[in-house]
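1. Please work out how this folds:
(one chain, ligands or ions: 2)
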Amino acid sequence: MSDYKFIAGDKKWWRQAVVYQIYPRSFADLNGDGIGDLAGMIDRVTYLKSLSIDAVWLSPFYPSELADGGYDVADYRNVDPRIGTLEEFDKLIEELHKVEIRVFVDIVPNHSSDQHEWFQAALKAGRGSAERERYIFHDGIGENGDIRPSELVSHFGPTGWTRVTEPDGTPGQWYLHLFAPEQPDFNWDNQEVRDDFIKTLRFWSDRGVDGFRIDVAHALTKDFSDGLPARNTMDIDPTKPDGSDPLFDRDEVHEIYREWRKVFNEYDPPRVAVAEASAPAHRLGAYASEETLGQAFNFDLLHADWNTKRFKHLISNSMKRAEKSGSSNTWVLSNHDVVRHPTRYGLPDKTDLVKWYISEGKSAPLDAKQGIDRARASTMLILALPGSTYLYQGEEIGLFEVADTPREAMQDPQWFRNPGKARSRDGCRIPLPWTTTGSSFGFGPGGSHLPMPADFGKYSVEANEADTNSVLNLYRTAIAMRRGLQCHEEINFIFNRNRSVLHFARPNGWQSFTNFGKSPVKLPKGKVLLSSQPLVGSQVPGETTVWLQA
Ligand code: GLC
Ligand code: CA
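-> Numbering: from 1, shown residues only. Ligands and ions are numbered 1, 2, ... in the order given. Model prediction:
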């Protein structure tokens, strides 16, 4: 257990933090089995420190059969032996805390793995048992119950119901899963389920974990009093954006988070949380209130084209929402579920990313320079905004999406459960290249669990470090500088006649000026602090962000 003191008293640290997401199996592999591990993270603490980040968020590292990249958890209070041990976890926390980096872990409360002891017990105990009550079991329709209970389609397709074999060997009941069949949904009306997650939150909090990222936070409570849902979409029912959708964003979900908040507040400093919730904008604040989870991801920029008006609109909306909920903004350009942003920005506007992926990147031309220029500019823009910035591993070295991974190497259920219809998220989960050469470019002494492209070395940390203008050096400088510039959570937009310009100031005079266009524009007055591209005299080149001090 760690006894760090550095954040005692600072209860607001999370409001304007830079949080770096680690996808554990693809970060660094110390023992050479091809799978990233805790020892690999411990080995790279100095690297993490060099980024000047405030926190890391670890995607699931728990025991898992990896039906969904670890989001199928078999034991919530343990470490996958392929990734490490609890002792190594404690060591990692200690080492990170020593260098003042806090730690978030991922909590996956909507569903467990089908390998979880509770689900295994539910299978064995049979119909009507207390064990089955922890999940959502129903009888099938028809004389023999062999028609699924409803036409629900799962997120990974095609159906949201899977039939089990009863202990006596006969075909039996069906259980609900919003995701893969290996991810049975919990029944959140069940008190044991509620108690067990409280236990899990305490377990990690007691080990020194500072915060939690809550997976599919909008889906836990369900209400089937009007019948079992039959629909072919995972999105909230657009006719029910008011908490009455039977599957998602129900008001009762916040009872759970109010309970969790009490647990968070038992600690000093209080533990924090961020919701991954897909809900209508006007309802996100309920997840981000100080009585519930405190913060919620804003994913607007994941889907936004590179466009001044669009960015300005989304930023203003986010500012208003944050003010209303009392929380702070969150900014996200990439994560383990979406196409990496240099690729999004390098493809023509409105490119169908699923088609592009399925065509192995051939359906639309990628302008890599444009992608990286825009990525550099957008990163500086979001870092200048009030609120927390969530970075995804690999973006700091300028990684692009990998669309041509050999199909037989794919791991993502979204891919192989929807043949020819969905993209594989493996494209943003390829292990990190650390060195310019070597069989897995320094990821580890062996191979890598997903194949790495032959040219990956040019994006490596080593290659980035050798180039003063690299993406990595920009991230390091910008994040370190941001620490000194942080101030009240306000911005004032500054009018510019050029419609390609997004210019704003923070209360302490720190200004961010982005030229979204291709042609250079005039640099405003002020002392230049940093620029995402070299300035040309008094001109800001196209697709560039400049920070200034008035
Ligand atoms: C979240 C995760 C995603 C996972 C899903 C099911 O959306 O980010 O990776 O597949 O939940 O747990
Ligand atoms: Ca390993």
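2. List the single closest residue to residue 29 in space, sequence neighbours excluded.
-> Leaving aside its sequence neighbours, residue 29 sits nearest to residue 444 (C-beta to C-beta, 6 or more residues apart in numbering; 2.9 Å). The C-beta positions use only the backbone N, C-alpha and C, and glycine is treated the same way.
3. Surely the one you found and residue 27 touch.
-> No - using C-beta atoms under 8 Å, residue 444 is not in contact with residue 27, being 10.0 Å away.
4. Residues that sit against both of those two, list them.
-> 36, 40, 431 (C-beta atoms under 8 Å, 6 or more residues apart in numbering).
5. Just want the residue of the stretch 451-550 of the chain that's nearest ligand 1.
-> Proximity to ligand 1, evaluated over the stretch 451-550 of the chain using C-beta to the nearest ligand atom, is greatest for residue 451 at 20.3 Å.
6. go on, the chain?
-> residue 71 (3.4 Å).
7. near ligand 1 too, which of the shared contacts of residue 444 and residue 27?
-> Among the shared contacts of residue 444 and residue 27, no residue is within reach of ligand 1 (C-beta under 6 Å from any ligand atom).
8. circling back: what about the residue of the chain closest to ligand 1, distance to residue 200?
-> 15 Å (C-beta to C-beta, to the nearest Å).
9. Also residue 35?
-> 23 Å.
10. Then residue 27?
-> 23 Å.
11. Tell me, how many residues neighbour the residue nearest to residue 543 when sequence neighbours are not counted?
-> Excluding its sequence neighbours, the residue lying closest to residue 543 (C-beta to C-beta, 6+ apart) is residue 373, at 4.2 Å. Residue 373 has 22 neighbouring residues, counting by other C-beta atoms under 10 Å.
12. Would you confirm that residue 153 contacts residue 231?
-> Yes - Residue 153 is within contact range of residue 231, at 6.9 Å (criterion: C-beta under 8 Å).
13. These two - which one has more neighbours?
-> Each of residue 153 and residue 231 has its neighbours counted (other C-beta under 10 Å); residue 153 has more, 18 against 14.
14. per-residue pLDDT, the closest residue in space to the more buried one that isn't next to it in sequence?
-> Closest residue in space to residue 153, ignoring its immediate chain neighbours: residue 232 at 4.4 Å, by C-beta to C-beta, 6+ apart. pLDDT recorded at residue 232 is 79.
15. Could you check how far residue 232 is from residue 417?
-> Remark: distance between residue 232 and residue 417 (C-beta to C-beta) = 14 Å.
16. how does this protein divide into domains?
-> 5-111+190-474, 117-176, 488-549 (automatic domain parsing).
17. Before we move on, what's the pLDDT of the nearest residue to residue 235 once chain neighbours are set aside?
-> The spatially closest residue to residue 235, leaving aside those adjacent along the chain, is residue 278, at 7.4 Å (C-beta to C-beta, 6+ apart). What the model reports as pLDDT for residue 278 is 93.
18. got the contact list for residue 278?
-> Here residue 278 is in contact with 216, 218, 235, 236, 248, 249, 299 (C-beta under 8 Å, 6+ apart).
19. More neighbours: which of residue 71 and residue 200?
-> Neighbour totals were compared for residue 71 and residue 200, and residue 71 leads with 24 against 20 (other C-beta under 10 Å).
20. Got phi/psi on that one?
-> Main-chain dihedrals, residue 71, degrees, to the nearest 10: phi -80, psi 20.
21. That one: what's it in contact with?
-> The neighbours of residue 71, taking C-beta under 8 Å, 6+ apart as the test, are 59, 60, 64, 106, 108, 179, 183, 215.
22. Most distant residue from the centre of the chain?
-> Largest separation from the mean C-alpha position in the chain: residue 143, at 44.2 Å (C-alpha atoms, centre = their mean).
23. Now that one: which helix or strand?
-> Assigned by DSSP states H and E, residue 143 falls within no helix or strand.
24. Over to it: give its phi and psi.
-> phi -50, psi -40.
25. going forward can the numbers begin at 866, since that is how I track them
-> New numbering, starting at 866: the last item is residue 1008.
26. show me what contacts it?
-> Contacts of residue 1008 (C-beta under 8 Å, 6+ apart): none.
27. Can you tell me how far it is from ligand 2?
-> Separation of residue 1008 from ligand 2 (C-beta to the ion, to the nearest Å): 51 Å.
28. How about residue 1214?
-> If you go by C-beta to the ion, the gap between residue 1214 and ligand 2 works out to 40 Å.
29. pretty sure that residue is touching residue 1229, no?
-> No - in this structure residue 1214 lies outside contact range of residue 1229 using C-beta under 8 Å: 10.2 Å.
30. Report the separation between the residue nearest to residue 1408 and residue 1399.
-> For residue 1238 relative to residue 1399 (C-beta to C-beta), the value is 12 Å.
31. ranges for the strands of the stretch 1166-1315 of the chain?
-> For the stretch 1166-1315 of the chain, the strands defined by DSSP state E, counting those that start in this stretch cover 1195-1197, 1253-1257.
32. Make a markdown table from those strands and add mean neighbour count and mean pLDDT to it.
-> Converted to a markdown table, those look like this (neighbours: other C-beta atoms under 10 Å; pLDDT from 0 to 100):
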| stretch | mean neighbour count | mean pLDDT |
| --- | --- | --- |
| strand 1195-1197 | 24 | 98 |
| strand 1253-1257 | 25 | 98 |
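33. Include distance to residue 983 when you put the ones you listed into CSV, please.
-> Output for the strands of the stretch 1166-1315 of the chain, formatted as CSV (distance: least, C-beta to C-beta, whole Å):
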stretch, distance to residue 983
strand 1195-1197, 32
strand 1253-1257, 31
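34. With respect to residue 1136, which of those lies nearest?
-> Taking C-beta to C-beta, strand 1253-1257 is the member of those nearest to residue 1136, at 15.3 Å.
35. Now for residue 1016, how many residues are close by?
-> Neighbours of residue 1016 (other C-beta under 10 Å): 14.
36. Contact partners for the nearest residue to it once chain neighbours are set aside?
-> In space, and not counting its chain neighbours, residue 1016 is closest to residue 1095: 3.7 Å by C-beta to C-beta, 6+ apart. Residues in contact with residue 1095, defined by C-beta under 8 Å, 6+ apart, are 1015, 1016, 1017.
37. circling back to that earlier point, same drill for residue 1097 and residue 1282, tell me which one is more crowded.
-> Taking neighbours as other C-beta under 10 Å, residue 1097 and residue 1282 compare with residue 1282 leading, 17 against 10.
38. Does the more buried one touch residue 1025 like I think?
-> No - at 11.9 Å, residue 1282 does not count as touching residue 1025 under the criterion of C-beta under 8 Å.
39. could you pull out the helices for the stretch 1116-1265 of the chain?
-> 1118-1129, 1146-1149, 1173-1190, 1206-1211, 1218-1223, 1233-1249 (DSSP state H, counting those that start in this stretch).
40. So which elements touch the second one?
-> Contacts defined by 3 or more C-beta pairs under 8 Å, 6 or more residues apart in numbering; DSSP states H and E place helix 1146-1149 against helix 1173-1190.
41. Kindly report the same for the longest one.
-> Under the contact definition 3+ C-beta pairs under 8 Å, 6+ apart, helix 1173-1190 sits against helix 1146-1149, strand 1366-1370.
42. Show me what counts as buried in it.
-> Using 16 or more other C-beta atoms under 10 Å as the test for burial, helix 1173-1190 gives 1173, 1176, 1177, 1179, 1180, 1183, 1184, 1186, 1187, 1190.
43. so can I have a markdown table of these showing distance to ligand 1 and pLDDT?
-> Compiled in a markdown table, the buried residues of helix 1173-1190 are given as follows (distance: C-beta to the nearest ligand atom, whole Å; pLDDT from 0 to 100):
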| residue | distance to ligand 1 | pLDDT |
| --- | --- | --- |
| 1173 | 29 | 98 |
| 1176 | 24 | 98 |
| 1177 | 28 | 98 |
| 1179 | 21 | 97 |
| 1180 | 24 | 98 |
| 1183 | 20 | 96 |
| 1184 | 25 | 96 |
| 1186 | 21 | 94 |
| 1187 | 22 | 94 |
| 1190 | 21 | 92 |
